[in-house]
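for reference, the sequence and a predicted model appear below.
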Amino acid sequence: QVQLVESGGGLVQAGGSLRLSCVASGQTSSTYAMGWFRQAPGKEREFVATIILSSGRTNHADSVKGRFTISRDNAKNTMYLQMNNLKSEDTGVYSCAAALFRGVFVPLSGSDYTYWGQGTQVTVSS
């Protein structure tokens, strides 16, 4: 089992920045990748970014490329999402997730992930 706890959400004006953190605990050695997803009110959950823990390879959704950056500190079992130039459409609940290796080299779908955090609210005011 892997437990995930997010922090760093809040209210920010458009154009501002936030940094989300996700701390993993438990059987973290089994984790292959970690990712961020978000869900806006009335919308489906969508992929934001993922990072492969061993290589540091990242993948970002087109909607956040150039504005968001995913990173990790393996020694601290912590993943980050630096969000710059925030827009109102970035509003939502941001959840971190952990994936075990199942043959999917770049997990982009929620179904690729086994463990989920509770989420942290990000609200961007225009």
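Here it is on my side, so go on.

ranges for the strands of this protein?
Here the chain has its strands, by DSSP state E, at 2-7, 10-13, 18-26, 33-39, 46-52, 58-60, 68-73, 78-83, 92-99, 115-116, 120-125.

and those: which comes nearest residue 105?
Nearest of those to residue 105, taken as Cβ to Cβ: strand 46-52 at 7.8 Å. For glycine as for every other residue, the C-beta is placed from the backbone atoms N, C-alpha and C.

so what strands line up beside the closest one?
strand 33-39 (antiparallel), strand 58-60 (antiparallel) (DSSP bridges).

next, the distance between the ends of stretch 25-41.
29 Å (Cα to Cα, to the nearest Å).

check stretch 56-75 too.
One end of stretch 56-75 to the other measures 13 Å (Cα to Cα).

in that stretch, what's buried?
Across stretch 56-75, burial judged by 16 or more other Cβ atoms under 10 Å covers 58-61, 64, 68-70, 72.

which one of those is nearest residue 42?
residue 61 (18.9 Å).

what sits against that closest one?
Residue 61 makes contact with 46-49 under the criterion Cβ atoms under 8 Å, 6 or more residues apart in numbering.

ok, of these, which come out buried?
47-49.

switch those residues over to JSON lines; also include pLDDT.
Below are the buried ones among the contacts of residue 61 laid out as JSON lines (pLDDT from 0 to 100):
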{"residue": "47", "pLDDT": "98"}
{"residue": "48", "pLDDT": "98"}
{"residue": "49", "pLDDT": "98"}
